[in-house]
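> starting from these lines, generate the structure:
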Amino acid sequence: MDAVVRRFRQDAALHLGQRTGTAIRYTPALRRRAVTIARKRRDAGVAVAAVARELGVRPQALRLWLQSPARPRLRRVAIATAPVATVDRPVLVTPQGFRVEGLGAAGLVALLRALV
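Residues are numbered from 1 along each chain as shown. Model (predicted):
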């Protein structure tokens, strides 16, 4: 076991304390370190299950960490309000969901008379 893996196991043991079982939560920093180690070992031809055993984590957890991308960060965006355009022509929306735009009031009246 090399020094990087040994240091990871020591830090994980400090973080976990006496907790055992499947509901262990590792910190994001520990997960990133585990993924870095696992990727290097995988490039060297070592299986993920073997790397997980070396690190002392569950193989399913390590596979999940290797698959999931980094959590996207929130960033500030500028919001600008645009002036609301006024519509001088009415809009007809039928109960069936048809929408008619662009006709004047007289055109809409003529359309409704033709439909009835």
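> just checking, what packs against the one helix or strand in the chain whose mean pLDDT sits lowest?
Here the helix or strand of the chain ranked lowest by mean pLDDT, DSSP states H and E is strand 92-93, holding a mean of 82. Counting contacts by 3 or more Cβ pairs under 8 Å, 6 or more residues apart in numbering; DSSP states H and E, strand 92-93 packs against strand 99-100, helix 105-115. C-beta coordinates here come from the backbone N, C-alpha and C atoms, glycine included.
> in the longest one, which residues are buried?
Put plainly, it is helix 105-115. By neighbour count with 16 or more other Cβ atoms under 10 Å, helix 105-115 contains the buried residues residue 108.
> and that helix, what's its mean pLDDT?
Here helix 105-115 scores 84 as its mean pLDDT.
> likewise the first one?
Averaging the model's pLDDT scores along strand 99-100 yields 84.
> gap between the helix or strand harbouring residue 35 and the chain center?
Using DSSP states H and E, residue 35 maps to helix 28-43. From the chain centre to the centre of helix 28-43 is a distance of 20 Å (Cα atoms, centre = their mean, to the nearest Å).
> that one: what's the following helix or strand?
Using DSSP H and E, the helix or strand that directly follows helix 28-43 along the chain is helix 48-55.
> list the helices and strands that next one packs on?
Against helix 48-55 (3+ Cβ pairs under 8 Å, 6+ apart) you get helix 3-16, helix 28-43, helix 59-67.
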